[in-house]
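1. here is my input, please return the structure:
(4 chains)
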Number of protein chains: 2
Amino acid sequence: MLETSARLLRLLSLLQIHRDWSGADLAGRLGVTPRTVRRDVDKLRSLGYPVHASTGTAGGYRLGAGAALPPLLLDDEEAVAVAIGLRSAALGSVEGIAEASVRALAKIDQVLPSRLRSRVEALRAVTVTVDSRATKVSADALTLLAAACRDRERVRFEYTARAGQDSAREAEPYRLVHTGRRWYLVAYDLQRADWRTFRVDRMRLKTPAGPRFAPREEPDKDTAGWTARRLAVDQHPYRARITMFASAQTVADRIPPEYGLVEPVDADSCTLMVGGDRLDVMALYVALVGVEFRVHEPPELVEQVRATAARMARAAGAETGGDVDGGGGRVPAEPGAVDAGGGA
Amino acid sequence: MLETSARLLRLLSLLQIHRDWSGADLAGRLGVTPRTVRRDVDKLRSLGYPVHASTGTAGGYRLGAGAALPPLLLDDEEAVAVAIGLRSAALGSVEGIAEASVRALAKIDQVLPSRLRSRVEALRAVTVTVDSRATKVSADALTLLAAACRDRERVRFEYTARAGQDSAREAEPYRLVHTGRRWYLVAYDLQRADWRTFRVDRMRLKTPAGPRFAPREEPDKDTAGWTARRLAVDQHPYRARITMFASAQTVADRIPPEYGLVEPVDADSCTLMVGGDRLDVMALYVALVGVEFRVHEPPELVEQVRATAARMARAAGAETGGDVDGGGGRVPAEPGAVDAGGGA
DNA sequence: CACTTGCGGTCAAGAACTGTCCGCAAGGGG
DNA sequence: CCCCTTGCGGACAGTTCTTGACCGCAAGTG
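-> You can find the predicted model right below:
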């Protein structure tokens, strides 16, 4: 019944706009009996959304934090705010979430009602880019490229090579990589018949996008991904080599794929290569993986981890906000290196 | 059938992560026959989500931009990006969406899985506030207050008055208002037994939140809202008075409620009072309402509107990105004022 | 022209949904 | 302590919807 499915969505949205609802309230809003509301709540629960309920005078239903983010139901204002927020995040003001921002932006951009689009556009027009060091890349170009990667559509563009000469290119885009200052596109260049990375700020996209392409089988299992990660690591001012005392699979599952290169050592440990612009950020990120680790280089990062650990120790007993489980495992000693646990 | 509703949600999410899907693909993913997929697509359509379809070799289904934003299904990375983006937007880096950002933040905060919470927290920790002029208000406090307003929960806090003396307060929170530099809470003060506005940066919230309260009936229909808007207008460096040639209801429907005061004049026109920090932003916002208007004051804004209009004229023929419909209506002449149309 | 893809009608079996009725459990206030 | 409110869930019966299977049709693409 369409009625039923729609009601589930509405129930989810009601639970998001308000925190406490009585069964009777919900029943009224949804136009069904309280019994049916109870059944619907059960359905949501069995779908994995944690709906908490409490009895008594102050009782009611409330949506809690679960294993997965439920579908987010935003009103117009909120949608505009999200779009704007993502746009600024994508342009690099905040480190480490740029790629994800662009992906989310492409997602919301696809479905944003046009009446809201004009509002976003207007706000964009008056928003100045704060960080003048950042190379000038438009959020629009990034959104287009992200969508092209996602939908496997060829892109055509003019490209200005390092030497200065322009050329017309056509390529199959695979990944978008952000390296703190610049954006790169990892793509298969059709003229050159090989994998290439292009600096987005040197590209001038032609519209419309080209036809769809079938994902190319890559010479080494994951050329595009590997190139992207390699690039992400290499282009940063700091490059770190860290041993993580957990399986490569475990570590890879817990970090954003563009963030670093994971290479297995044995069943219980692996090497993580990451790049970053700021040591403090890198230290926290690595600690967040939640397994035991040891930093080998650079020395600055070793020192940073030491200092952070000390600061945390001084804040002794304070809630550290982490819910990651510390991975167990042996932690061999090595002079000059820092051993650190998870849960930071 | 729970199966059916869940499938609808999954279908919606599939359509969001990719742009073109063939019916057979979707059928495979969802574990049903293509015929059922067609039926499900029909259901989505009748729920208001515009699913476009095209026939032929390159055909398939695609989710388009519709009247309302569909439930947004974000993966972990994207959720973190959204949370971070909203946080920075809420703290005032972008004008005009701060309140909405806080509301959206409260919404996502309620359901954010804890494993993501720690990531957000870590990023927050390393993100420096760029705008040093902004008074120091934590996003956490704003989120808490927004949730308290939404859920109608009393708040208890220490408040430092202008003169400097502290006092313990308990209040029923109604609105959160952002004025470019500062955040204010409009609330009913239980000790004083009257409406008050508190500067958020002078509040020190106590946890946990107090009991829920029944919304107070207000002496004048919408005291809290009116106070909030009044505050929003008054606290800005620029205050504008504008006649809009449309009914007060129409105008009120098209602008964010905190943005300005709308007062009816007659059936076809009304007065809009708005405050702002930047003239260009104000000009765009007013133009975005999409009805004919005339700016009376301040003179700077009159000039700004004039200049913007000229710039747009020079960009003649270019797409202006607006899809708002120009409201018809008479536009009386008045010396020294600027007449401007909608659709800018 | 051949092929792919989406569209929608019809049918019958089966499954799910809903409202109604019931008693039970748990929290909060008087 | 009692009473009220609120959520929980079993049972039942009638209604409704869902699903897969089959069909022919329409519309892009090469």
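2. look up how far A:Ser88 lies from the most far-flung residue of chain A relative to its centre.
-> Relative to the mean C-alpha coordinate of chain A, counting by Cα atoms, centre = their mean, the farthest residue is A:Thr57 (41.6 Å). With the distance defined as Cβ to Cβ, to the nearest Å, A:Thr57 ends up 45 Å from A:Ser88. (C-beta placed from N, C-alpha, C; glycine too.)
3. quick check: buried residues in stretch A:73-81?
-> Across stretch A:73-81, burial judged by 16 or more other Cβ atoms under 10 Å in any protein chain shown covers A:73-75, A:77-81.
4. pull the residues that contact that stretch.
-> Contacts made with stretch A:73-81 from outside it, assessed by Cβ atoms under 8 Å, 6 or more residues apart in numbering or on different chains, are listed as A:9, A:12-13, A:16-17, A:82, A:108, A:112-113, A:115-116, A:119-120, A:123, B:69, B:71-72, B:86, B:89, B:97, B:99-101, B:103-104, B:107, B:256.
5. please list only the buried members of those.
-> Buried by 16+ other Cβ under 10 Å: A:9, A:12-13, A:16, A:82, A:108, A:112-113, A:115-116, A:119-120, A:123, B:69, B:71-72, B:86, B:89, B:97, B:99-101, B:103-104, B:107, B:256, out of these.
6. out of these, which sit inside helices?
-> Counting by DSSP state H, those place A:9, A:12-13, A:16, A:82, A:108, A:115-116, A:119-120, A:123, B:86, B:99-101, B:103-104, B:107 in helices.
7. which parts of chain A are helices?
-> If DSSP H is used as the criterion, the helices of chain A fall at A:2-17, A:23-30, A:34-46, A:76-88, A:98-111, A:114-126, A:139-151, A:223-234, A:248-254, A:279-288, A:299-314.
8. looking at the first one now, give me its mean pLDDT.
-> If I follow you right, that is helix A:2-17. Taken as a whole, helix A:2-17 carries a mean pLDDT of 84.
9. before we move on, what about the second one?
-> Average pLDDT, helix A:23-30: 86.
10. same check, this time on stretch A:287-301
-> Averaging the model's pLDDT scores along stretch A:287-301 yields 79.
11. ends of it, how far apart?
-> From its first residue to its last, stretch A:287-301 covers 12 Å (Cα to Cα, to the nearest Å).
12. is that stretch positioned near chain B?
-> Yes. Stretch A:287-301 comes into contact with chain B (Cβ under 8 Å from any Cβ of the partner chain), by way of A:Leu288.
13. go through that stretch and flag the buried ones.
-> Within stretch A:287-301, the residues scored as buried using 16+ other Cβ under 10 Å are A:287-296, A:298, A:301.
14. same thing with stretch A:43-62?
-> Taking 16+ other Cβ under 10 Å as the neighbour-count basis, stretch A:43-62 is seen to contain the buried residues A:43-44, A:47, A:49-51, A:60-62.
15. likewise stretch A:31-44?
-> Applying a neighbour-count criterion of 16+ other Cβ under 10 Å, one finds A:32, A:36-37, A:40-41, A:43-44 buried in stretch A:31-44.
16. quick revisit: now the buried residues of stretch A:43-62 as TSV including distance to DNA strand D and pLDDT?
-> What follows is the buried residues of stretch A:43-62, written out as TSV (distance: Cβ to the nearest atom of the strand, whole Å; pLDDT from 0 to 100):
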residue	distance to DNA strand D	pLDDT
A:Lys43	11	87
A:Leu44	11	87
A:Leu47	15	83
A:Tyr49	13	85
A:Pro50	12	85
A:Val51	8	87
A:Gly60	4	83
A:Tyr61	6	88
A:Arg62	10	85
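17. show me the two of the residues you listed that sit farthest apart.
-> In the buried residues of stretch A:43-62, two members sit farther apart than any others by Cβ to Cβ. They are A:Leu47 and A:Gly60, at 20.0 Å.
18. so A:Leu8 touches A:Leu44, yeah?
-> Yes. The pair formed by A:Leu8 and A:Leu44 meets the contact definition of Cβ atoms under 8 Å, at 6.8 Å.
19. wait, isn't A:Arg62 in contact with A:Leu14?
-> No. With contacts defined as Cβ under 8 Å, A:Arg62 does not count as touching A:Leu14, sitting 11.1 Å away.
20. enumerate the residues of the stretch 51-200 of chain A near DNA strand D.
-> Of all the residues in the stretch 51-200 of chain A, those in contact range of DNA strand D (Cβ under 7 Å from any atom of the strand) are A:53-57, A:59-61.
21. of those, which are in range of DNA strand C?
-> Under the cut-off given by Cβ under 7 Å from any atom of the strand, DNA strand C has A:54-57, A:59 from those close to it.
22. export these as a markdown table, with columns for pLDDT.
-> Below are these laid out as a markdown table (pLDDT from 0 to 100):
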| residue | pLDDT |
| --- | --- |
| A:Ser54 | 84 |
| A:Thr55 | 83 |
| A:Gly56 | 80 |
| A:Thr57 | 77 |
| A:Gly59 | 76 |
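23. among these, which are in strands?
-> The subset of these located in strands under the criterion DSSP state E comprises A:Ser54.
24. can you add distance to chain B and give the ones next to DNA strand C among the residues of the stretch 51-200 of chain A next to DNA strand D back as JSON lines?
-> Formatted as JSON lines, the entries for those read as follows, by distance: Cβ to the nearest Cβ, whole Å:
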{"residue": "A:Ser54", "distance to chain B": "12"}
{"residue": "A:Thr55", "distance to chain B": "15"}
{"residue": "A:Gly56", "distance to chain B": "13"}
{"residue": "A:Thr57", "distance to chain B": "10"}
{"residue": "A:Gly59", "distance to chain B": "11"}
